[in-house]
Structure formats: C-alpha cells, structure tokens
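Engineer: Would you be able to build a 3D model of this:
(chains A and B)
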Amino acid sequence: MKALGLKKNLAITAVLVALYFAIAYAIKINLINPFQQVNLIWMGINIILAVSLNVIVGFTGQLALGHAGFMAIGAYVSTVLTMNMGLPFFFAIVLGALAACFVGLLIGLPTLRLRGDYLAIATLGFGEIIRGLLVNIDYVGGAAGINGIPKLTNWPWLFAFTVASVLLIKNFIDSTHGRACIAIRENEIAADVMGINTTRYKVMAFSVGAFFAGIAGGLYAHYFYLIRPATFTFMRSFDALVMVVFGGLGSITGSVIAAAAVTILNATLQSLGAIRMVIYAALLVVVMIFRPQGLLGTKEFTLRTLLGKKEGVGKDAYRKQAD
Amino acid sequence: MGFAPSSCFIYFSGSHRGESMELFFAQFLNGISLGSIYALIALGYTMVYGIIQLINFAHGEILMVGAFVGFFAITIFGFNLFFAMLLAMLASVILGVLIERVAYKPLRGSGRLAVLITAIGMSLLLQNGGLQILGTSYQAFPQVIPKKAFHFLGDKITITSYQLLILAVTIVMMLFLNYIVNKTKTGKAMRAVSHDRDAALMMGINVDNIISVTFAIGSAFAAVAGVLLGLYYQTVHPLMGLMPGLKAFVAAVLGGIGIIPGAMAGGFLLGIIEALVSGYWSTTYRDVVVFAILIIILIVKPSGLFGKDTGEKV
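Structural biologist: Next comes the predicted model:
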C-alpha cells in the first residue's frame, strides 16, 4: 500500500507542477487576458474558502455562517502588517490567518456547545459583530476601509497558498482529528459516547476553517487594492456555502470543482447582474430538496472513479451513506 | 448587496445625545414601538421553531412581501390601513404556506442542516427576486394616519400617534394569538404537536395541517409587522426584512425559543435596548450590541430568559 501511496503522490505532484507551469506560461504569453487573470485569482480564493468551510459544514456537520468575518480578519490583519509594519507578504498572510484562527477559537469555545441551528445564528451574529467593530475602528479606516493596498498576490503565491491549503485540509480530514469530526457529523451523541470530546473537535474544525478563511482574506486584500467592512457581508459567507453545497457536503474535490465552476459561471454570467443571485438561490433550494447531501455527496472525485473502476472495500467504505 | 444601511432609516425622535428625562422617555417609547414590531416578528419565528425546530430564515422576506402588498394596497388601490393589512396578511399567509409546502415539507425526513440551508436559500431567493421585481430603491410609505403628538407630565413625555397605533395593533394581535393558542381546538393541537409530534400524530392530529396552520399564523403576524415597519421607518425596500428578521430572531432566542410569552418579552426588551443604545451611545454600535446580547444569552442561558433547560433525548 505504501508504494501505491507514493506513486499516487508522485502523480499528483507531477500534475500540479505541470498545471502551475502551464498557467504561468499562458499568463506570460498573454493567452490568459487580464480579465481572466482576475478570475483566476478569484478561483484560488474561492477554492480556499469553499474547502475551509467544508471542514466545518461538510465534515463536522456544523452550519457556520460567519466565514466572511474570518476572511475579513485575515484581510485586515495582513494588510495592516504589510502596509503599516512592512512585514513580508508571506508572513503577513500567515499571521493574518493565525489572527482569524485565534478569533475562531475565541468564538468557537463558547458557541460550539450550541446545537446546529443556534450555532448558525450565533456565527452569523459574530460575522456581523466583526463587521460592526471594523466600521468603528478608525485605525483601519472605519466604513471607508483601507485602500492602496500593494498588489502582492500573484499567480505563484496564489497557487502555492491554494495547493497548500487544500493539501493541509485533506491531511487534517484524513487524520484522527478529521475522523473524529466526521463521527460528530454522523451522530454527535454516538460520537460523544465513543469517547470523542465533541466540543474540542468542533472548535478544532472551526479554527482550522477560520485559519484558511483568513488566508483567503489576505490573498483577496493584496490583489483587489481596497478592503471595506462592506466587502465581507453575509453574502460572502453565503457564496462559500453555495460552493460547498453544490460540491458536496463532505467532499474536498467536490468543493474545489464547485468553487472553480462557480467562479467561471460568475464570470460568464456577469452580464446578467443580480439575476445571477436569484438563479443561485433557486439552485440551492432545488439541490437541497432533491440531493440534500450536495451534488457529489461525500464522494471524492478521483482518477479511479473517472476511469470507471470499482472502488475497493478500503478505508473509504465507511463513508458511503445509506441513501 | 448586503444589509440595508442604517443611515437610510428615519427616526421619529432624533438620536441627540443628552441626559435629560425627555430624551430617555423619547427613546424608551421609540424602543417600545420598535420592540412591538420585533415581538410580532419573533412570534412567527418562535412558533415555527416550537413546532418543527427550524429557523425559518425566510420569515423576514415574508414580512417584506407583506409590507409591499400593504404598500401597494394603500398607494395603488387606495385601501385604508385596516384593509391593507388584511390583504398583506392574506398574501403573506399564502406565501408562507407555499414555502412550507414546496421547500420545507419534502425535507422533513432529512437532516436539519439540509432544511436550514434550504431556508437560507429561500430567503435569498425572495430577497434577490424582490430586488429584481421591486427595484433597489427605497420607496416612501404613505402617511396613513395624521401625525399627532400627545404630551404628558408637562411635556416630559411625548407620544406620537404612530407609536400609539403600532402599540395598539401589536396588543390586539397578541390577544388574538393568545385566544387561538389557548382557547381553540387548533391551538390545542398546535401545542400538542410542539410538545411531542409523534404522540400528537397517534392521537389523530393531522400534523401536516397543523404545521401549515402554524406557518400561516406566523406569516400573518409577519405581514402585520411588515406594514408597521413600513409605518415606523416610513420606507419600504426589498431588503427591509433582513435585519429586523435577524434581530427578531435574537429576540426570540432572548425570550426562549418556542415560548410565546418569551418572544413577546424578548421583542420589547430588544427594541428598548436598541433604542437606548442608539440614543445614548452610537447608532453604529446598535447592531453590534444586539448580536452581542445574542451571544451572551446563548452562552449563559441558551434556553432563554423564559426557557427551561431540557436535556437532549437520544
């Protein structure tokens, strides 16, 4: 099995390296125009947002609606660090993410004792509190926000952060902790009885999600020149939720594909304006009614399924839910 | 996109800073008007939650539709306030029951997460649909009754006719609800379903119908709240239901979700707190304080002020 794992990892690395250089070359020879480049950046940010939210909503089964708040913290902290403290980009992003993670921990500790729907409204409330506080802090420009942020996010950084985020999250999910989170999703009481400290793992999933949302926020701030509290409304959290639901609650590859697809769809449907949101909302309701587990469910998209090979009765067998 | 900016709201009494008695009473009465609207919305949330344990995120949008129906009834058809409210209630009841039947009922067997996401989707669908159909601008709500001010205690206390109207309508609605829930057979069935759905089913109660009736009553209350909100802020807007909806939910949690008197008390309390924060501190902190109250309540006493702690049944 070990040799097989190595082979798989080598294959994935090769594909990623090829993808990186292919797109870098395409940008260099202007095959990807500036408009498409903006969407490329969006794609990376959306992938990080969706995958990180999936840790909380899809894998741990806790509906959190404050993802935009964590994104805001990452964006503001990293911006202050690069603009006012002169810190290098990488450290600013990581520190911004740590700040988001820390706030996630602070918020998670008391609220995650709550049951699902209370948690949803509490996290929504927290997202609004973060936004409300940012409006009242003059140091970060109040409601006007910060502008003139240096454009430090580029394709190499974006690619590195996106790949690192997805891989780290995948490893988290496959670890003991991740499995404990999945157990909580499947049945919280049973997980508790089996000796899983449910609050601890819920807080853990929550802070992991917050950390990566912070990274997404930092990348966003250093590409789009301007951040305002109004950038990080409930709608941003909802966007991430749509991607998670479309991709499948509990599927990392599903989130990645859905985030990429929604970004492309956003770019193509730009002319439609606000009707786009009507379509998304309607799609969300329809998907929930007919496929409550999301389009991919908990299945992962692999080369194996692509080639139509039967999945072995391996470690993933337990994930199949009785539909 | 986002929450309606607070600067668009017009207050009956300005938020001048000061320490005088007049200001306190003005803000207090203002808070009671706002609080009675929150209480009406919170009742809908709490009843639906009590019966199917679902946060009906679309409740604020049902309110918005009610407010617009009332608005059009007055401006286009020239209805008086009473009939405008009745029409708004009718429209909201139809919408509320439709949402329940189409979006929530098929999901009754599946997990709570799915229903909750559906509710959010429904809310956003109505918001964005509203923005498409009704436009993005604020529309002035007509002055349906003459604006008068009544003075008491030598001008210390001033009550406007609008504040009286809002309070009167709220009290009538609450008495009406009290009658339905406690004195009618339907109300008895509602209480039974909320207490134990399976047992109620075995006793021959048509649970599906009772759930629809609950949605209908909640939506009717939302419609009244919507029209009153239009009167209070003197505007209507497709996103007008969002913030009041969320705050009313906070009020319902504050009083103890699923408990009818709790929702009333929570609504009044929240309205008064909000008005006092706006008057004495800053309107920009208003929403922060409201959500901070929510978090504190959830941490300290998740069952709310009127709630009893019940262990989770396996």
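
Engineer: which residue packs closest to B:Gly307, ignoring adjacent ones?
Structural biologist: B:Gly256 (3.1 Å; Cβ to Cβ, 6 or more residues apart in numbering or on different chains). (C-beta placed from N, C-alpha, C; glycine too.)

Engineer: no, scratch that, I was asking about B:Leu34
Structural biologist: Going by Cβ to Cβ, 6+ apart, B:Leu34 has B:Gly271 as its nearest residue, at 3.9 Å.

Engineer: tell me the strands in chain A, going along the chain?
Structural biologist: A:146-147, A:226-227 (DSSP state E).

Engineer: Run the chain-centre distance for the first one.
Structural biologist: What that stands for is strand A:146-147. A distance of 24 Å separates the centroid of the chain from that of strand A:146-147, by Cα atoms, centre = their mean, to the nearest Å.

Engineer: still on that earlier bit, reduced to three states, what does the residue nearest to B:Leu34 come out as?
Structural biologist: helix (DSSP: H, G, I helix; E, B strand; the rest coil).

Engineer: That one contacts B:Phe28, doesn't it?
Structural biologist: No. With contact defined as Cβ atoms under 8 Å, B:Gly271 does not reach B:Phe28; the gap is 9.9 Å.

Engineer: Of the two, which one has the most company?
Structural biologist: Set B:Gly271 next to B:Phe28 and count neighbours by other Cβ atoms under 10 Å in any protein chain shown: B:Gly271 wins out with 24 against 16.

Engineer: show me where pLDDT drops low in the stretch 201-323 of chain A?
Structural biologist: Along the stretch 201-323 of chain A, the model assigns pLDDT under 70 to residues A:303-323.

Engineer: Which positions in it make contact with chain B?
Structural biologist: Applying Cβ under 8 Å from any Cβ of the partner chain, we find that the stretch 201-323 of chain A lies next to chain B at A:230, A:233-235, A:238, A:241, A:245, A:249, A:274-275, A:277-278, A:280-282, A:284-285, A:288-289, A:292-293.

Engineer: and the stretch 101-250 of chain B, which residues reach chain A?
Structural biologist: B:103, B:106-107, B:110-118, B:120-122, B:124-125, B:127-129, B:131-132, B:246, B:249-250.

Engineer: The spatially most central residue of chain B is in what secondary structure piece?
Structural biologist: With distances taken as Cα atoms, centre = their mean, B:Ile41 lies nearest the centre of chain B, 1.4 Å away. For B:Ile41, the host element (DSSP states H and E) is helix B:21-52.

Engineer: Quick one: distance of that helix to the chain centre.
Structural biologist: Worked out by Cα atoms, centre = their mean, helix B:21-52 lies 8 Å from the chain centre.

Engineer: Run through the helices of the chain in chain order.
Structural biologist: Reading this off chain A. A:2-28, A:34-54, A:67-83, A:89-111, A:116-136, A:155-174, A:176-186, A:188-193, A:198-224, A:234-247, A:252-268, A:275-290, A:303-306 (DSSP state H).

Engineer: was after chain B, sorry
Structural biologist: B:21-52, B:59-75, B:81-99, B:112-134, B:161-183, B:185-195, B:197-202, B:207-233, B:242-255, B:260-280, B:286-300.

Engineer: can I get the ones you listed in TSV with mean pLDDT?
Structural biologist: TSV is the format used below for the helices of chain B (pLDDT from 0 to 100):
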stretch	mean pLDDT
helix B:21-52	89
helix B:59-75	94
helix B:81-99	94
helix B:112-134	88
helix B:161-183	91
helix B:185-195	91
helix B:197-202	90
helix B:207-233	93
helix B:242-255	89
helix B:260-280	90
helix B:286-300	85
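
Engineer: Can I get those in a markdown table including distance to A:Ile130?
Structural biologist: Output for the helices of chain B, formatted as a markdown table (distance: least, Cβ to Cβ, whole Å):
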| stretch | distance to A:Ile130 |
| --- | --- |
| helix B:21-52 | 23 |
| helix B:59-75 | 21 |
| helix B:81-99 | 30 |
| helix B:112-134 | 19 |
| helix B:161-183 | 32 |
| helix B:185-195 | 35 |
| helix B:197-202 | 38 |
| helix B:207-233 | 26 |
| helix B:242-255 | 15 |
| helix B:260-280 | 18 |
| helix B:286-300 | 9 |
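
Engineer: Flag every residue of the stretch 1-150 of chain A that's near chain B.
Structural biologist: Looking at chain B, the residues of the stretch 1-150 of chain A close enough under Cβ under 8 Å from any Cβ are A:57, A:61, A:63, A:65, A:110-111, A:113-118, A:120-122, A:124-126, A:128-129, A:132-133, A:135-136.

Engineer: Counting neighbours, which of the residues you listed end up buried?
Structural biologist: Buried members of the residues of the stretch 1-150 of chain A next to chain B, scored by 16 or more other Cβ atoms under 10 Å in any protein chain shown, are A:57, A:61, A:63, A:65, A:110-111, A:113-114, A:116-118, A:120-122, A:124-126, A:128-129, A:132-133, A:135.

Engineer: re the thing from before, do you know how far the residue nearest to B:Gly307 is from chain A?
Structural biologist: Distance of B:Gly256 to chain A, computed by Cβ to the nearest Cβ, to the nearest Å: 12 Å.

Engineer: Burial check on A:Ile189, number of neighbours?
Structural biologist: 12.

Engineer: same thing with B:Thr160?
Structural biologist: Quick note: B:Thr160 (other Cβ under 10 Å) scores 18 neighbours.

Engineer: Repeat that for B:Leu177.
Structural biologist: 21.

Engineer: Contact partners for the nearest residue to it once chain neighbours are set aside?
Structural biologist: Nearest residue to B:Leu177, sequence neighbours excluded (Cβ to Cβ, 6+ apart): B:Leu43, at 6.5 Å. By Cβ atoms under 8 Å, 6 or more residues apart in numbering or on different chains, B:Leu43 lies in contact with B:174, B:177, B:218, B:221, B:260, B:263-264, B:267.

Engineer: Same question for A:Gly66.
Structural biologist: A:107, A:123-127, A:130, A:237.

Engineer: So it versus chain B, what's the distance?
Structural biologist: A:Gly66 is 10 Å from chain B, by Cβ to the nearest Cβ.

Engineer: For that residue, grab phi and psi.
Structural biologist: Dihedral pair for A:Gly66: phi -110, psi 20, per degrees, to the nearest 10.

Engineer: can you pick the most crowded of the contacts of B:Leu43?
Structural biologist: Counting by other Cβ under 10 Å, top hit in the contacts of B:Leu43: B:Ala263 with 36 neighbours.

Engineer: isn't the residue nearest to B:Gly307 right up against B:Phe306?
Structural biologist: Yes. Applying Cβ under 8 Å as the test, B:Gly256 and B:Phe306 come out as touching, 4.0 Å apart.

Engineer: Please identify which of these two sits among more neighbours.
Structural biologist: The neighbour count for B:Gly256 versus B:Phe306, taken as other Cβ under 10 Å, is higher for B:Gly256 (23 against 18).

Engineer: Can you name the residues that contact the more buried one?
Structural biologist: B:262, B:266, B:303-307.
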